[in-house]
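**Q** please find the sequence and the predicted model below.
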Amino acid sequence: MDKYVITAACVECGVCENRCPSGAITEGSNKYVITSHCTGCGICINVCPVNAIVKKIRKMCVHPTGNSLKKRSVCCGPVVMTP
Ligand code: SF4
Ligand code: SF4
């Protein structure tokens, strides 16, 4: 699973693509994108001049039958955002 995502703030400077040690960043149709090759090293976050790269937020479902957060493809309860 991708750990980071490039937001619409990307100005397509290409710095992150050049610095990613895994070759996980590539030019998309209207901005750069992070592929599944991302290892989560975090280098790209620190080199982006406009802070366009952020940690991916996962939607988690608070399962109504228990206290634990269970990741589900279909939400059955209140949704919380976790890093
Ligand atoms: S976190 Fe590391 S591996 Fe993932 S896209 Fe950024 S620089 Fe590449
Ligand atoms: S370093 Fe930032 S602005 Fe430059 S291409 Fe990457 S995400 Fe876009």
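**A** Great, that's in hand. Ligands and ions are numbered 1, 2, ... in the order given.

**Q** hang on, residue 40 packs against residue 3?
**A** Yes: counting by Cβ atoms under 8 Å, residue 3 is a contact partner of residue 40 at 3.9 Å. All C-beta spots, glycine's among them, are computed from the backbone N, C-alpha and C.

**Q** looking at this protein, which helix or strand is least sure?
**A** strand 69-70 (a mean of 50; mean pLDDT, DSSP states H and E).

**Q** which positions in this structure make contact with ligand 2?
**A** Within the chain, the residues that sit near ligand 2 (Cβ under 6 Å from any ligand atom) are 6, 10-16, 32, 48, 50, 52-53.

**Q** keep only those of these that are in strands.
**A** Counting by DSSP state E, these place 6, 32, 53 in strands.

**Q** now, of those residues, which are buried?
**A** 6, 32, 53 (16 or more other Cβ atoms under 10 Å).

**Q** per-residue pLDDT, the second one?
**A** What the model reports for residue 32 is a pLDDT of 93.

**Q** hmm, it is touching residue 14, no?
**A** Yes: with contact defined as Cβ under 8 Å, residue 32 reaches residue 14; the gap is 7.3 Å.

**Q** need the residues of the chain near ligand 1, please.
**A** So the chain meets ligand 1 at 4, 20, 22, 24-25, 34, 38-44 (Cβ under 6 Å from any ligand atom).

**Q** do that again at 8 Å, thanks
**A** 2-4, 16, 19-25, 34-35, 37-45, 47, 53 (Cβ under 8 Å from any ligand atom).

**Q** just the buried residues of those.
**A** Using 16+ other Cβ under 10 Å as the burial test, those include 4, 16, 20, 24-25, 34, 38, 43-44, 53 as buried.

**Q** restricted to strands, list those residues.
**A** Filtering these for strands - DSSP E - leaves 4, 25, 34, 53.

**Q** so who does the second one touch?
**A** Residues near residue 25 by Cβ atoms under 8 Å, 6 or more residues apart in numbering: 6, 16-17, 32-35, 38, 44.
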